[in-house]
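In: only geometry, no sequence info:
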């Protein structure tokens, strides 16, 4: 405690030196927190968009469906499955789906489409489908009509009130054909989805594909803060692995994971460069500080201060200077990061268009997680600890005579 | 009684291509209460001798015994402790800790010795008053004149109650008035408190005040004259 008191007193007896050293830590951490905050925030948003656009955090399929997406790989939605799902409390909601490919036709236009049978309200809760409606009305629970994605509707030249013809293959080779009045047009930011999506109510789709009470997937939404991998594992334990597969969004979309990983790697490289610059900055400051005080240190040892005591005071001084910069940086970054977490920065221009084409909202929010602040702060502490080796070594090797001659 | 005994002391510096023989077999003894000036031209070995006496440097050959203890045989840690409890230093360029006040500079050495806050405070004020700086105890070195800083250095040297004080050209950076003041203080402390002073100097005024003058040349003692016994 005495050491800390002496160190604290010494720091404020040379305010300029203290502020310069603290400032180097402050700017390093402040910039790192902002840079990494926006990067992690973008990933969070990307994951949120992906999960809430269609996939959910994880899905249950019949075993083998993901590798061979045909309606014959569908499963029956039994009371046992419903029971297993209700036994996992972190599950906030789920959407039952029956998906298959078919030909969609109106007038002279025909195109391959993805027909998805849904329970309209459940689907809306998971993916916010109702908000994507740009024309007409949303589906009712037992609706016999269809929702058509905007680009597909444009291709087919179909509008609400027109009748869509669907022809395909049903369960176990049954022929699937039906006519469905178009209730509404939905818009997806992703061009891929916008070009091929048809939504029917679940009973209507099961009728079309002769797949009574059958599903191809159940997509799950989770309560805030739940760990999707842990929850998926818990459900996995409750379902027979021979009959079902439980896949997380990461397993279903490895390309997105790779994209995040690649971007994250470049972010980490940038961060490492920043930390290296900062490390050398702090190192330089401490080197200068040591050189400036060599005579003082030599004199202290000459009159009787043990080297280990001097090291203790100097390390405490550096630690306090670092702590000062660290606390100031965290305090300065918190309101900014919180503000941009609540009010993300809108992206404009070409970048915004690219973002929209990728199916994402053109905004840049910041991350808001305690672990992230801790991680960055710990990195700075580690840098400080590494840099502290310098004065420790220098004082240990200090020659009193040479120091006093300075 | 001798408090310091120097036998066949040699110091050779091998830092450059040519070995420099700074001290060439010095034999000296100092008694309690002496007021000794070490004189000689530049390069004669005055500072080297003081550094060895203070345990700041190690001899190449020979020994220095202080109160019977051979300082050359002490480990680095014991030597620092030995300096703390036995030797006071006054440097040519004062060497006060710039961030501390005059009071804190004097108190610092006693805190290293583990004295209580109360004792430290009492003695630091007492010493600063003794050197005529009772009204400047809260001033930092940068706010003091050279003479005042050197008086703080003397007070600091005395704070640890050392067996003797080594002063390397203590008046070299002082004007004549400050030199006179400092010498009066040192002489008074020597006479009244029987504190042993050994100082190197070029200054004739300092030499005139000394009770013993040891003259060095080329690392050897060429004369040793005592004018007044302690």
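Out: On my side now, so go ahead. Remember, it's a predicted structure, so these values are computed and weren't measured experimentally.
In: Give me every residue in chain B lying close to chain A.
Out: Neighbours of chain A within chain B, by CB under 8 Å from any CB of the partner chain: B:51, B:54, B:56-57, B:76-77, B:80-81, B:83-85, B:89, B:91, B:95, B:97-100, B:109, B:112-113, B:140, B:156, B:160. C-beta coordinates here come from the backbone N, C-alpha and C atoms, glycine included.
In: Filter the residues you listed down to the ones in helices?
Out: Residues of these located in helices (DSSP state H): B:51, B:76-77, B:80-81, B:83-85, B:109, B:112-113, B:156.
In: Quick check: bridge partners of the most centrally placed residue in chain B?
Out: By CA atoms, centre = their mean, the mean C-alpha position of chain B lies nearest to residue B:166, the distance being 1.4 Å. Here residue B:166 sits in beta bridges with residue B:89, residue B:198, going by DSSP bridges.
In: Show me what the helix or strand hosting residue A:283 is packed up against.
Out: Assigning secondary structure by DSSP states H and E places residue A:283 in helix A:254-303. The contact analysis (3 or more CB pairs under 8 Å, 6 or more residues apart in numbering or on different chains; DSSP states H and E) places helix A:254-303 against helix A:15-50, helix A:249-252, helix A:307-342, helix A:370-397, helix A:400-405, helix B:76-86.
In: Kindly recompute the last result at 6 Å.
Out: helix A:15-50, helix A:370-397, helix A:400-405 (3 or more CB pairs under 6 Å, 6 or more residues apart in numbering or on different chains; DSSP states H and E).
In: Which residues does the last one contact?
Out: Yep, that's helix A:400-405 we're talking about. Identification of contacts with helix A:400-405 by CB atoms under 6 Å, 6 or more residues apart in numbering or on different chains yields A:294-295, A:298, A:301-302, B:56-57.
In: ok, the residue in chain B that chain A sits nearest to - contacts?
Out: For chain B, the residue closest to chain A is residue B:84, as judged by CB to the nearest CB, at 2.6 Å. Counting by CB under 6 Å, 6+ apart, residue B:84 touches A:304, B:112.
In: Could I get the pLDDT score of it?
Out: As predicted, residue B:84 sits at a pLDDT of 95.
In: and the gap between it and residue A:5?
Out: 21 Å (CB to CB, to the nearest Å).
In: got it, and residue A:163?
Out: Taken as CB to CB, the span from residue A:163 to residue A:5 is 85 Å.
In: quick one on the thing from earlier: include mean neighbour count, distance to residue B:14 and mean pLDDT when you put the helices and strands packed on helix A:254-303 into a markdown table, please.
Out: Shown next, in a markdown table, are those (neighbours: other CB atoms under 10 Å in any protein chain shown; distance: least, CB to CB, whole Å; pLDDT from 0 to 100):
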| stretch | mean neighbour count | distance to residue B:14 | mean pLDDT |
| --- | --- | --- | --- |
| helix A:15-50 | 19 | 37 | 86 |
| helix A:370-397 | 16 | 19 | 88 |
| helix A:400-405 | 17 | 14 | 89 |
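In: Could you export these to TSV, including columns for distance to residue A:154?
Out: Listed next are the helices and strands packed on helix A:254-303 as TSV, based on distance: least, CB to CB, whole Å:
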stretch	distance to residue A:154
helix A:15-50	23
helix A:370-397	43
helix A:400-405	82
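In: From the contact counts, what lies against the host helix or strand of residue B:29?
Out: Per DSSP H and E, residue B:29 falls inside strand B:20-31. Packing partners of strand B:20-31 (3+ CB pairs under 6 Å, 6+ apart): strand B:2-13.
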